[in-house]
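# A structural model of the following input is requested.
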Amino acid sequence: MAAIHPTALVHPAAQLGSGVEIGAYSIIGEHVQIGDGCRIGPHVVINGHTRLGPGNRIFQFCSIGEEPQDKKYAGEPTRLEIGAHNVIREFCTFNLGTVQDEGVTRMGDHNWIMAYVHIAHDCVVGNHTIFANNATLAGHVHIGDHAILGGFTGVHQFCRVGAHVITGIASVVRQDIPPYLMVAGNPLAPHGINSEGLKRRGFSSEALAALKRAYKTLYKSGLSLADAQAAIAAEGADHPELQPLAEFLASAGRGIVR
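Coordinates of the predicted model:
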């Protein structure tokens, strides 16, 4: 049974799982589904065709599942899907998708989203990410698993941020960031691989050595991007951790930070 504060407004058609808590003055819309054990703080608005998995915690003053900030949006029943066990802090704004893409904005599981984060329409966020305060995603951005966005990081529309990437404070992302990198600045520049983060996630010393060699191939060897990509792909046969990097480079749409 859900625990709903007397001042909250929950549409009769909204679907609330077992053990859900809804705080004071929060508003839950008609098409919202909230999974078991979610805790929704005071003054939160959850609207649109929005689905939350179990165990999420949303702090006060968030706006979740509102219309996209896209002038082409014409009221289509697009969606927002949020996985399980995410923490979403104060004043965050997550928007629905648009029909110009797949019609859905997605977030995975176990993400730690700090205050004032904006996730625009049609973004895809993986699992176990951390977004520091005021990180902002424009539309159609993809963020890989275990990525960490420093405070005030801004990501341009259609960019991809690879798995295990970490960005410095106030980074401005205009191109794709390959997996495993540390980047910072405006203009954005690479600063090696995210060695400390990878160690914490159990990457072996051999894997780290292979990734460091790949970084030198990509950024220090003087090779063209195509030749560096081919060299990394060839070495990936013996080092599986290089395969995500090789695949990312093969599919980069906006070019990569380099």
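
# what about the helices in the chain?
Per DSSP state H, the chain carries helices over the ranges 195-200, 205-219, 225-235, 243-250.

# Throw the ones you listed into TSV and include mean pLDDT and distance to Ile22, thanks.
For glycine as for every other residue, the C-beta is placed from the backbone atoms N, C-alpha and C. Output for these, formatted as TSV (pLDDT from 0 to 100; distance: least, CB to CB, whole Å):
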stretch	mean pLDDT	distance to Ile22
helix 195-200	97	36
helix 205-219	97	45
helix 225-235	94	49
helix 243-250	95	40
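
# how about the ones you listed in JSON lines, adding mean neighbour count?
Below are the helices of the chain laid out as JSON lines (neighbours: other CB atoms under 10 Å):
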{"stretch": "helix 195-200", "mean neighbour count": "14"}
{"stretch": "helix 205-219", "mean neighbour count": "17"}
{"stretch": "helix 225-235", "mean neighbour count": "16"}
{"stretch": "helix 243-250", "mean neighbour count": "19"}
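
# neighbours around Lys220, how many?
By other CB atoms under 10 Å, 10 other residues sit near Lys220.

# Make JSON lines out of the helices of the chain and add distance to Ala135.
Formatted as JSON lines, the helices of the chain follow (distance: least, CB to CB, whole Å):
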{"stretch": "helix 195-200", "distance to Ala135": "16"}
{"stretch": "helix 205-219", "distance to Ala135": "24"}
{"stretch": "helix 225-235", "distance to Ala135": "27"}
{"stretch": "helix 243-250", "distance to Ala135": "21"}
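
# Of all the ones you listed, which one is nearest Thr93?
helix 195-200 (27.0 Å; CB to CB).

# Would you mind putting the CA coordinates of that closest one into PDB?
Listed next in PDB are the C-alpha coordinates belonging to helix 195-200 (Å, rounded to 0.1, in the frame of the first residue of the first chain):
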ATOM      1  CA  SER A 195      42.900   4.800 -14.300                       C
ATOM      2  CA  GLU A 196      41.600   5.300 -10.800                       C
ATOM      3  CA  GLY A 197      38.000   4.700 -11.700                       C
ATOM      4  CA  LEU A 198      38.900   1.600 -13.600                       C
ATOM      5  CA  LYS A 199      40.900   0.200 -10.700                       C
ATOM      6  CA  ARG A 200      38.000   0.700  -8.400                       C
END
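
# and it, what does it pack onto?
helix 205-219 (3 or more CB pairs under 8 Å, 6 or more residues apart in numbering; DSSP states H and E).

# quick one: contacts of the helix it packs on?
Residues from elsewhere that reach helix 205-219 (CB atoms under 8 Å, 6 or more residues apart in numbering): 178, 180-181, 190, 192-193, 195, 198-199, 203, 223, 225, 228, 231-232, 235, 239, 241-242, 245, 249, 258.

# do the same with stretch 102-112
53, 76, 78-87, 94-97, 119-131, 145.

# Drop the exposed ones from the residues you listed and show what's left.
The neighbour count (16 or more other CB atoms under 10 Å) marks 53, 76, 78-87, 94-97, 119-131, 145 as buried among the contacts of stretch 102-112.

# From Glu21, how far out is the residue nearest the centre of the chain?
Centroid-nearest residue in the chain, with CA atoms, centre = their mean: Val125, separated by 2.9 Å. According to CB to CB, to the nearest Å, Val125 and Glu21 sit 24 Å apart.
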